[in-house]
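*Asks:* Sequence and computational prediction follow.
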Amino acid sequence: MPVPVLDRAREVELLVAALDGGAHVLLEGPPGTGKSTLLRAVAAERDAAFHLVEGNAELTPARLVGHFDPAQVLAQGYTPEVFVDGPLVAALRQGGLLYVEEINRVPEETLNVLITVMSEAELSVPRLGVVRAEPGFRLVAAMNPFDAVGTERISSAIYDRTCRIAMDYQSAGTEQEIVALRSPTTGSQEWRAKVVDLVRRTRAHPDVRIGSSVRGAIDLVAIAGRLAAMRDVKEDDWHAGLDAALVSLSGRIRVHDAAGRRPEEVVRQLYEEVFGPEPDDERDGGADPGEA
């Protein structure tokens, strides 16, 4: 079942217009803002072939373009029939969409291949020849902010050959809808709204350089629900929620080095701001605080 695209009507319109206008597109925004979901939905509507490439340091030109099957080469030589298309060549031949995730993690020599294709609408492959783009071929790249861990600034050559669509975090209401779609039976609507509030606060905390996306809220709700069942407590149990928050968010946020704080400290601080301090009755095993 396809994941619905919520609160992205403007971005969908811009992307469709850019693709129909013959442009290649750069989707730029923080992780978890729906870049992949948006493009998959548009590709499905266009009934276009869709090829996904995960951008990372191991994405070599050969992995992107394709290769000759060594065993078949020994038997038949370097003939077109024994060439195994990579995602780029497949998208060119089919007039499809090539989606490159996290393009600012891709090595420069691989980016140069993409720049050539965007400029010339064709690719020269040694021993294979020239592969020309069929009508409809487009490259769409996604890019996280350059200051995210492991990312770099991309060259002006990429920007010059693409149309850029900026995507920020969605509204609190939309993020609550997203969480509800993923975990409709876990917790009350009010409790899930507080979870979303907690996650959104990580993006504005002065000690946090990069906050969590809505994925953190989705995981938090799911884990809290499982912990509550395992511990035989209510789904909105304070301690189960805190443990779920620590697991879900401490690895997603990036704390400024100068803050001198651990991510777990920030998560607990924000959790207590949203859900209140640790309940005395639970902390003391149900005893009256005034009892000796």
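*Replies:* That came in fine, so what should we check first? Numbering: from 1, shown residues only.
*Asks:* tell me which element the closest residue to Asp236 other than its chain neighbours is part of?
*Replies:* The shortest distance from Asp236 to any non-neighbouring residue, by CB to CB, 6 or more residues apart in numbering, is to Trp191 (4.6 Å). Yep, even glycine has a C-beta here, placed from its N, CA and C like the rest. Under the criterion of DSSP states H and E, Trp191 resides in helix 189-202.
*Asks:* Tell me which residues touch the residue nearest to Asp85 when sequence neighbours are not counted, please.
*Replies:* The shortest distance from Asp85 to any non-neighbouring residue, by CB to CB, 6+ apart, is to Gly66 (4.6 Å). By CB atoms under 8 Å, 6 or more residues apart in numbering, Gly66 lies in contact with Phe83, Val84, Asp85, Gly86, Leu88, Val89, Ala90, Val125.
*Asks:* now the fourth one, nearest residue through space, not along the chain?
*Replies:* For Gly86, the nearest residue in space outside its immediate sequence neighbours is Gly66; the separation is 3.5 Å by CB to CB, 6+ apart.
*Asks:* quick revisit: so what touches the helix holding Trp191?
*Replies:* Outside helix 189-202, the residues that touch it by CB under 8 Å, 6+ apart are 169, 172, 175-176, 179-180, 183, 186-187, 208, 211-214, 216-217, 220-221, 224, 235-236, 241, 245, 249, 252-253, 266-267, 270-271, 273-275.
*Asks:* Among these, name the buried ones.
*Replies:* Neighbour counting by 16 or more other CB atoms under 10 Å classes 169, 175-176, 179-180, 183, 186-187, 208, 211-214, 216-217, 220-221, 224, 235-236, 241, 245, 249, 252-253, 266-267, 270-271, 274-275 among the contacts of helix 189-202 as buried.
*Asks:* Just the pLDDT for the residue nearest to Asp85.
*Replies:* Among the per-residue scores, Gly66 holds a pLDDT of 95.
*Asks:* Also Pro2?
*Replies:* For Pro2, the predicted pLDDT is 48.
*Asks:* begin at 18 from here
*Replies:* New numbering, starting at 18: the last item is Pro19.
*Asks:* Name the SS class of Leu263, please.
*Replies:* Three-state call for Leu263 (DSSP: H, G, I helix; E, B strand; the rest coil): helix.
*Asks:* what's around it, how many residues?
*Replies:* By other CB atoms under 10 Å, 17 other residues sit near Leu263.
*Asks:* care to break this protein down by domain?
*Replies:* Listed by automatic domain parsing, the domain ranges of the chain are 26-183, 189-300.
*Asks:* Can you give me the end-to-end span of the longest one?
*Replies:* Looking back up the chat, that one is domain 26-183. 13 Å (CA to CA, to the nearest Å).
*Asks:* Excluding covalently adjacent residues, which one is nearest to Thr219?
*Replies:* Thr219 sits nearest to Gly228 (CB to CB, 6+ apart), 3.7 Å away.
*Asks:* lowest-confidence stretch among the domains of the chain?
*Replies:* Across those, the lowest-scoring stretch is domain 26-183, with a mean of 89.
*Asks:* Only C-alpha atoms, please: export the helix or strand containing Ala88 in PDB.
*Replies:* Per DSSP H and E, Ala88 falls inside helix 87-93. What follows is helix 87-93, C-alpha atoms only, in PDB (Å, rounded to 0.1, in the frame of the first residue of the first chain):
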ATOM      1  CA  PRO A  87      33.000 -11.400 -17.000                       C
ATOM      2  CA  ALA A  88      31.800 -15.000 -17.600                       C
ATOM      3  CA  GLN A  89      29.800 -14.000 -20.700                       C
ATOM      4  CA  VAL A  90      32.700 -11.900 -22.000                       C
ATOM      5  CA  LEU A  91      35.000 -14.900 -22.000                       C
ATOM      6  CA  ALA A  92      32.400 -16.800 -24.100                       C
ATOM      7  CA  GLN A  93      31.100 -14.000 -26.400                       C
END
